[in-house]
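K.L.:
what follows is a predicted structure for the sequence shown.
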Amino acid sequence: MSTPQLSTILSAREMWLAAGVRTDSKMSLLAPESFEQVVQLFIDRIPAHKIPKLAAAELGIPASKVPGASAMHQFWAEFSPFWSVCSRRAAATGANLLAADAKQNPADWCNANEELIHQLAHQYLSNPQHDPKHAKSFITAIIKLVNVAEDREDRKLAVRKLELLEAREAKQKETLSDESLTPEQKQAKMREILGMV
């Protein structure tokens, strides 16, 4: 039976604890789920002095169990290198999985990415407080996607035309080499192949 995969934060917690941190610190005494929730608040850039009240109000973790602002900053200084390592590993694993999937299903992957970029652009541009520099990046990306899609369609059309020309040429060669046909029959068949009938 396989063990469930740990989140990035909990993987970092295991590394942090294995590194020999103080085992009496408030963060090390938190249950894994509570630890993960508190760290996520810090990652989400909640000010350290607000975390105890927020943990109590929204997560049900008593404020007394969560470190204060200075202790939280000290904890983060010790913990963040482990979290960075685990985050990079998780990002690399995710990128490798995406790359493998992209190789197996390139068309599906491209379509999904195009749809995602359109959705993100719509969400971003719908926000009245968006940064014009970022808006330009989204619009440029969409224009490039449209150009790539048009190029892809042009290539498909060119390939289809080439296939038709090759098929017509093969029929012409077959007709010319058919000894059972008279010259008049060959000529009639050639006109038919060329669409002159």
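P.N.:
Received, thanks.
K.L.:
domains for the chain, by residue range?
P.N.:
8-104, 105-197 (automatic domain parsing).
K.L.:
need those in JSON lines (columns: mean neighbour count and mean pLDDT).
P.N.:
C-beta coordinates here come from the backbone N, C-alpha and C atoms, glycine included. Shown next, in JSON lines, are the domains of the chain (neighbours: other CB atoms under 10 Å; pLDDT from 0 to 100):
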{"stretch": "domain 8-104", "mean neighbour count": "15", "mean pLDDT": "88"}
{"stretch": "domain 105-197", "mean neighbour count": "11", "mean pLDDT": "81"}
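K.L.:
my read is that Ala71 contacts Lys26, right?
P.N.:
Yes - Ala71 lies in contact with Lys26 (CB atoms under 8 Å); the separation is 6.8 Å.
K.L.:
tell me what the lengthiest helix in the chain is packed against?
P.N.:
What stands out as the longest helix in the chain, according to DSSP state H, is helix 132-177. Contacts defined by 3 or more CB pairs under 8 Å, 6 or more residues apart in numbering; DSSP states H and E place helix 132-177 against helix 106-126, helix 183-193.
K.L.:
Ser7 contacts Gln37, doesn't it?
P.N.:
No - the criterion here is CB under 8 Å, and Ser7 misses it with Gln37 at 10.8 Å.
K.L.:
what touches both of those two?
P.N.:
Residues touching both Ser7 and Gln37 (CB atoms under 8 Å, 6 or more residues apart in numbering): none.
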